[in-house]
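>>> sharing a model that was predicted from the sequence below.
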Amino acid sequence: MAALIENEVFKAFATYAAIVTFKMMLMGPVTVYFRLTRGSFSNEEDVARKSDDEKKKLLKSHPDVERAQRCHHNDLENIIPFFFIGLLYALSGPDLSSALIHFRVFTASRIFHSFAYILAFPQPSRGLSYMLGMLTTLSMAYNLLSKVFVP
Ligand SMILES: N[C@@H](CCC(=O)N[C@@H](CS)C(=O)NCC(=O)O)C(=O)O
């Protein structure tokens, strides 16, 4: 384990995996921000202290809250595969320079994707950033499998 922590590719993976995980975790507070500012709650207990009239107004969906939730969900669909494929790829002994390109491109694509989603940038900006992240993970999977594949 100590030798692994000293490995430069593993350190790079740990760095970028932590950054994208932290970015994904931020989507929770972003959703909370939209719930509070848009007055949009989904659980009875969240508005328990309000009057019946206010409860009716607050217990409703809002497009901004739903957008933040979809963005969070999309992160889960893409960052969890990056974590597992990226870890195996890092352990398969790639060059530091090509590993860094993969990790940096993926991280930048997911940060851009979140801005594009939350701020509703015109398409195809979000679609392209999604594709770039997906292609990066596929490229790591291809590099990994070309080294370790056992039929
Ligand atoms: N689960 C995704 C699969 C495809 C995908 O991730 N598309 C990207 C680029 S268009 C996206 O941002 N989808 C919006 C979303 O997942 O809410 C979907 O339903 O759209």
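Noted; the coordinates are in hand.

>>> am I right that I79 is in contact with R110?
Yes: assessed by C-beta atoms under 8 Å, I79 is found in contact with R110 at 6.6 Å. All C-beta atoms are positioned from the backbone trio N, CA, C, and that covers glycine.

>>> of those two, which one has the most company?
More neighbours surround R110 than the other of I79 and R110, with 24 against 20 (other C-beta atoms under 10 Å).

>>> number of residues surrounding H72?
Residues lying near H72 (other C-beta under 10 Å) number 18.

>>> can you count the residues close to K50?
K50 has 14 neighbours, counted by other C-beta under 10 Å.

>>> near the ligand, which residues of the protein?
Counting by C-beta under 6 Å from any ligand atom, the chain comes close to the ligand at R70, N74, E77, R126, G127, Y130.

>>> common neighbours of I79 and R110, please.
In terms of C-beta atoms under 8 Å, 6 or more residues apart in numbering, I79 and R110 are both contacted by the residues V20, M24.

>>> same question for the lengthiest helix in the chain, mean pLDDT?
Scanning the chain for the helix with the most residues, using DSSP state H, yields helix 8-38. Averaging pLDDT along helix 8-38 yields 98.

>>> same question, stretch 81-100
Mean predicted lDDT for stretch 81-100 stands at 98.

>>> next: stretch 123-139.
Mean predicted confidence for stretch 123-139 is 98.

>>> measure how far that stretch is from the centre of its chain, please.
In terms of C-alpha atoms, centre = their mean, to the nearest Å, the centre of stretch 123-139 is set 12 Å apart from its chain centre.

>>> kindly report the same for stretch 83-101.
With C-alpha atoms, centre = their mean as the basis, stretch 83-101 stands 18 Å off its chain's centre.

>>> equivalent analysis for stretch 140-149, please.
Using C-alpha atoms, centre = their mean, the mean C-alpha position of stretch 140-149 is found 23 Å from that of the whole chain.

>>> show me which positions of that stretch end up buried.
For stretch 140-149, burial by neighbour count (16 or more other C-beta atoms under 10 Å) applies to M140, A141, N143, L144.

>>> name the nearest residue to the second one, sequence neighbours excluded.
The shortest distance from A141 to any residue other than its chain neighbours is 5.0 Å, reached at I85 (C-beta to C-beta, 6 or more residues apart in numbering).
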